[in-house]
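In: Predicted model, plus sequence, below.
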Amino acid sequence: MHAETATVRETDAGRDTGYNFAYLDEQTKRMIRRAILKAVAIPGYQVPFAGREMPMPYGWGTGGIQLSASILGPDDVFKVIDQGADDTTNAVSIRRFFAMMAGVETTEKTAEASVIQTRHRIPETPLCEDQIMVYQVPIPEPLRWVEPRESETRKMHALEEYGVMHVQLYEDIARHGRIATNFMYPVTVNGRYIMSPSPIPKFDNPKLHMSPALHLFGAGREKRIYAVPPYTSVRSLDFEDHPFVVEKWDACCGLCGARDSYLDEVVLDDAGERMFVCSDTDYCASRREQGLLGPMAARDDIAELTGQRSQTRQETPWPNPKNR
């Protein structure tokens, strides 16, 4: 995380110099950084912060964007994914926003990024110590589904009264014979606080445990920040006779043949033909570049999905309305 950021300079290339670096003013960035430091010092604790209005509606990643704007420096390489993909509307919009407001280099390669903002996924490529994950979080309170009152959930966290969460999981077992929660699966951080890992699939929960990267979670609508520092214990809630397990697929990725990644089911035609593909587009493309191909990769009708793409580039920002 960079403690210093650039001020407005007319000589900056590739960004709109009519705004402060990364859009937010420096006082707001300092306030958010102080909240981040507290969140890192108390893993899993939800730190309130004075969220600012951003040029996009709540629910589109305003919390994550404010975190990214506060930690990005001129030398950072920025990556944005939405459900694992680099080319969706949310990912492209946020990436181009920071290319315009900060002029930072962007990438689609996980290994090349220093800051990765994500919605609902953790990359398949293992993270390293010099990387920061920024999560967009719609509902930061894991107890919200069992206790709607904010005053009560704060007391429950303070007194570590988390039995109700195990009751919720037990109700799943009573109804379905297994724990049926597949996303936003609650975890215990550093043996103390129960935390919502954002709406990532439970397949990604083990990636948080003892991760070398710093994980920051920002909820813009709820104005909360929390964090998982590097090399911190993160355990998914479970029972001795019903241990935590992740999803498994009988099929492999149709494009790269991967069996160890999170797969999305894709309908190919009106006849209902289906295939599974990696949710993480960078991971899938990297495997194909290594010559690892799945059973569907040779088909002409999906050949465009296996095309090579530019992985690191200076993002082309939106046209500046001032120049029109």
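Out: Yep, it's here.
In: For the protein, just list every one of the helices.
Out: In the chain, the segments counted as helices under DSSP state H are 26-41, 62-71, 89-101, 150-159, 163-176, 205-208, 281-289.
In: So which of these is nearest Pro126?
Out: helix 205-208 (8.2 Å; Cβ to Cβ). The way it works is simple: take the backbone N, C-alpha and C, and place the C-beta from them, glycine included.
In: any residues touching the closest one, and which ones?
Out: For helix 205-208, the external contacting residues (Cβ atoms under 8 Å, 6 or more residues apart in numbering) are 122, 127, 185, 187, 197, 215, 228, 234, 236, 244, 246.
In: can you check stretch 168-187 too?
Out: Residues outside stretch 168-187 that contact it (Cβ under 8 Å, 6+ apart): 120, 139, 142, 145-146, 165, 194-202, 205, 208, 234-239, 242, 244, 247.
In: mind running it again at 6 Å?
Out: By Cβ atoms under 6 Å, 6 or more residues apart in numbering, the residues outside stretch 168-187 that reach it are 142, 146, 165, 194-197, 199, 201-202, 205, 234, 236-237, 242.
In: residue ranges of the strands in the stretch 151-300 of the chain, please?
Out: 187-189, 193-195, 214-219, 224-228, 234-236, 263-267, 274-278 (DSSP state E, counting those that start in this stretch).
In: Just give me the neighbour total for Ile200.
Out: 23 (other Cβ atoms under 10 Å).
In: And it, how close does it get to Gln290?
Out: Going from Ile200 to Gln290 by Cβ to Cβ, to the nearest Å gives 26 Å.
In: picking up where we left off before, what's the PyMOL line that selects buried ones from the contacts of helix 205-208?
Out: Buried residues within the contacts of helix 205-208, by 16 or more other Cβ atoms under 10 Å, are selected in PyMOL with:
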select buried, resi 122+127+185+187+197+215+228+234+236+244
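In: wait, which of the contacts of helix 205-208 is closest to Val267?
Out: Using Cβ to Cβ, Val246 comes nearest to Val267 of those, at 24.2 Å.
In: I figured that closest one hits Phe203, correct?
Out: Yes: judged on Cβ atoms under 6 Å, Val246 makes contact with Phe203 at a distance of 4.6 Å.
In: what's the nearest residue to the residue most central in space within the chain if we skip its chain neighbours?
Out: For the chain, the residue nearest the mean C-alpha position is Thr118 (2.7 Å; Cα atoms, centre = their mean). Closest residue to Thr118 apart from its sequence neighbours, by Cβ to Cβ, 6 or more residues apart in numbering: Ile81 at 5.0 Å.
In: For that neighbour, give its distance to Val92.
Out: From Ile81 across to Val92, the span is 11 Å (Cβ to Cβ).
In: Give me the more crowded residue out of those two.
Out: Shown here are Ile81 and Val92; by other Cβ under 10 Å, Ile81 has more neighbours (28 against 15).
In: Ser68 versus that one, what's the distance?
Out: As judged by Cβ to Cβ, Ile81 and Ser68 stand 13 Å apart.
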